[in-house]
Each structure stands twice: as C-alpha cells, then as structure tokens.
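Asks: Show me how the following folds:
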Amino acid sequence: MASIGSADVDHNIVTVGFPTALSAYIGAVLFEAFLFGLYTILFVISVYVLLWCNKSRQWFLLMMSVMMYIIAMSDIVYTLWLLFKVVLGLKKVMFWHLYPKYSLFVTNNLAAHALLLYRCVAVCGHNWWLIGVGVSGLIAITGVGYALEGTSLGFVSIGWIYLSLALAYNLALTGLAAGRILYITKQNYQLLPQPLKRRYIITIAVLVESGVLYTIYLGTNLAFQKNPTANAILDCAAVQVVGMVPTLILVQVGLGRTLGQGKNNEETVPEYAMTRRQTYEDVSTRLMQHRPSTSVSSRYPLMRPRADS
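Replies: Numbers count the residues shown, from 1 in each chain. Predicted coordinates for the structure are as follows:
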C-alpha cells in the first residue's frame, strides 16, 4: 500500500535509481501532459502546412507527422493509466509497467531519425553511400534501443548508451545537412539573388535550432541519470520532445511563409527545402548556366509564388 507522500514501488527498481516519492511521478505526468498540449497545437498547424502545399509531394511528410503524433498520444494515454490505475490506485509499480513507454520512445526516435535522414539525403543529392550508411546506422541504433530500453533491470545502468548514440546520430545528420547548404551557398554566393540567400540562411537556422533543441533535452537527460526525480520526469516526457522537434520545423516554415505572403514574390519566405524534390545542387547548376527567363519562379524552381498568385 502507498503511504502519504510516497508510491508503492518495487524494491528492485528503487535500487536502480527510480524514485519513491509520489510527487516525482505526478510531476512527470504533468510535465508530459503540458508538452503534449504544445505538441497538439504544433501538429494541427503542421498538418495545415503540409496540406496547404503541393499535396503530391507531401504525403511522406504527412504520414510521418501523423505517425509520430499517434505514438506520442499513445504514450500520454498509457502514462495517465499508469498514474491513476497503478500509482494512485495503490498498486505496486513494477518494472514491466514501464516497458511500453520505453518502446514508444525508441519507436518515435526511429520515425524522427528516418525523417531527418530523408531530409539530409534530399539536401545532399540522393547519395547512395549516404543512404547506405544512414540506414545501417539507424537500424543499428534502433536495435540497441529496443535491446536496452526497458527490457531488463540489469540494462538500466547502461541505458545511456542508446541515448548517446541517438544524440550523436542526430548531430551528425543535422550538421551534414546544414554544412552542405552552407557550402553550396558560399560557392554560388555572388550568383544567388537576395531572396534565395535569405532562404538558405533560414533553412540553416531551422536545421540548427531543431538539432539544438534535441541535443539540449537528451543532454540534460544524460546529465541527470543519477538523479531519480529529474531522470523520471525527463524520461517520462521524452517521447513528446522527439515528436515535437521535426513538427516544429514544419510549423516554423509554414508560419514564416504565411507572414511573407503580403510581400512581393521575391520577398516571400519559401517553404522548407526538405519538402521539395529538387536539391540545392540543381539550383547551383542552373545558376551557373545563366539561362534567360521571364520570371523568378521559372529561373529558380525552388522559389514558389504566393498562394494568391
């Protein structure tokens, strides 16, 4: 039976660093519920952005966005069940109760990293070497996650390995994509029109911001591995953060483009580069050819006209 101020937690999981204070579990649920509320708002906006753009090129992104949101929603529903039926229901909290949350976290990480790899491959020109290494690394990291996260009490102390691998993978792909865009921009800086320069700068900023958010959260989680309360709170909401990061990218670009609709075509903030099939290499080649054209959109295919044009 749980006493006032404490939860009835199995002694075995207490010994590996799980808290016994009831406030820690309630705080973890409240924190995840807060993030899920923010995620829901971002998800609705992202769906609008994806459907508002060219539908024939958005189905993969829409599918991944919906899948990650469903995983996050499943996680918060299961978390609430744990709180009210187990913790507050005066039942003993066992380690196997937590396994579904760990599995959902790894699965959502897989979806988010697959989307990141897709974005990176599109920017780098569909390089088969990059695709092979990226997919192999993603499969390996996901396998480590399913093997270590929530499967055994003996693996709790080495769960940081999966978090570290996921963090390194995210940083590598984010840095590669941002670096590629920066390289192409510098190579053709004198030939690029000002709107296209601004577009590349915005794209790099969005990439870096998403990587920084993911890095800060996982880095904080790793730093507080030895703190039972902080670790429980951060672990509980990890699924929400993983889904929010790519969704936030879509929202940033969507809102930016909407705010720019009142301006001329040359000043409109275009949609995110990863939503287009053309690569930045194609733009560089076209710029070098100096072909005459009658409009900005025909010469620079990545530049989209306003919706009302």
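Asks: Please compute how far stretch 39-55 lies from its chain's middle.
Replies: Distance of stretch 39-55 from the chain centroid (CA atoms, centre = their mean, to the nearest Å) equals 15 Å.
Asks: before we move on, what about stretch 114-130?
Replies: Distance of stretch 114-130 from the chain centroid (CA atoms, centre = their mean) equals 16 Å.
Asks: Start the count at 803 instead of 1 going forward.
Replies: Let's use 803 as the start, then, which means that last one is stretch 916-932.
Asks: What ranges in this protein fall below the confidence cut-off?
Replies: Low-confidence segments of the chain, defined by pLDDT under 70: 803-810, 812, 855-860, 892, 994, 1055-1111.
Asks: residue ranges of the helices in it, please?
Replies: According to DSSP state H, the chain carries its helices in the segments 813-816, 824-854, 861-883, 901-925, 930-950, 962-989, 996-1025, 1030-1038, 1040-1061, 1082-1091, 1098-1101.
Asks: okay if I get those as JSON lines plus distance to Gly891 and mean neighbour count?
Replies: Where you see a C-beta, it was placed from the backbone N, CA and C, and this is true even at glycine. Converted to JSON lines, these look like this (distance: least, CB to CB, whole Å; neighbours: other CB atoms under 10 Å):
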{"stretch": "helix 813-816", "distance to Gly891": "17", "mean neighbour count": "13"}
{"stretch": "helix 824-854", "distance to Gly891": "12", "mean neighbour count": "18"}
{"stretch": "helix 861-883", "distance to Gly891": "10", "mean neighbour count": "18"}
{"stretch": "helix 901-925", "distance to Gly891": "17", "mean neighbour count": "21"}
{"stretch": "helix 930-950", "distance to Gly891": "29", "mean neighbour count": "15"}
{"stretch": "helix 962-989", "distance to Gly891": "30", "mean neighbour count": "18"}
{"stretch": "helix 996-1025", "distance to Gly891": "28", "mean neighbour count": "17"}
{"stretch": "helix 1030-1038", "distance to Gly891": "18", "mean neighbour count": "21"}
{"stretch": "helix 1040-1061", "distance to Gly891": "23", "mean neighbour count": "22"}
{"stretch": "helix 1082-1091", "distance to Gly891": "55", "mean neighbour count": "16"}
{"stretch": "helix 1098-1101", "distance to Gly891": "60", "mean neighbour count": "15"}
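Asks: can you redo the ones you listed as CSV with distance to Gly956?
Replies: Output for the helices of the chain, formatted as CSV (distance: least, CB to CB, whole Å):
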stretch, distance to Gly956
helix 813-816, 10
helix 824-854, 23
helix 861-883, 24
helix 901-925, 14
helix 930-950, 10
helix 962-989, 13
helix 996-1025, 19
helix 1030-1038, 17
helix 1040-1061, 21
helix 1082-1091, 47
helix 1098-1101, 59
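Asks: how about those helices, which one is nearest Lys893?
Replies: Nearest of the helices of the chain to Lys893, taken as CB to CB: helix 861-883 at 11.4 Å.
Asks: which stretch among the helices of the chain comes nearest Val895?
Replies: Proximity to Val895, assessed across these by CB to CB, is greatest for helix 813-816 (7.2 Å).
Asks: list the helices and strands the closest one packs on?
Replies: For helix 813-816, there is no helix or strand it packs on, judged by 3 or more CB pairs under 8 Å, 6 or more residues apart in numbering; DSSP states H and E.
Asks: and for that helix, what are the contacting residues?
Replies: 822, 895-897, 900, 955 (CB atoms under 8 Å, 6 or more residues apart in numbering).
Asks: quick one on the thing from earlier: wait, which of the helices of the chain is closest to Leu890?
Replies: Across the helices of the chain, Leu890 has its closest neighbour in helix 824-854 (8.2 Å, CB to CB).
Asks: quick check: angle from that closest one to helix 861-883?
Replies: Counting by axes from the mean of the first three to the mean of the last three CA atoms, to 10 degrees, helix 824-854 lies at 160 degrees to helix 861-883.
Asks: Now do helix 824-854 against helix 901-925, angle only.
Replies: Helix 824-854 and helix 901-925 are oriented at 30 degrees to each other (the same axes, to 10 degrees).
Asks: Taking helix 1030-1038 as reference, get the angle to helix 824-854.
Replies: Helix 824-854 runs at 20 degrees relative to helix 1030-1038, counting by the same axes, to 10 degrees.
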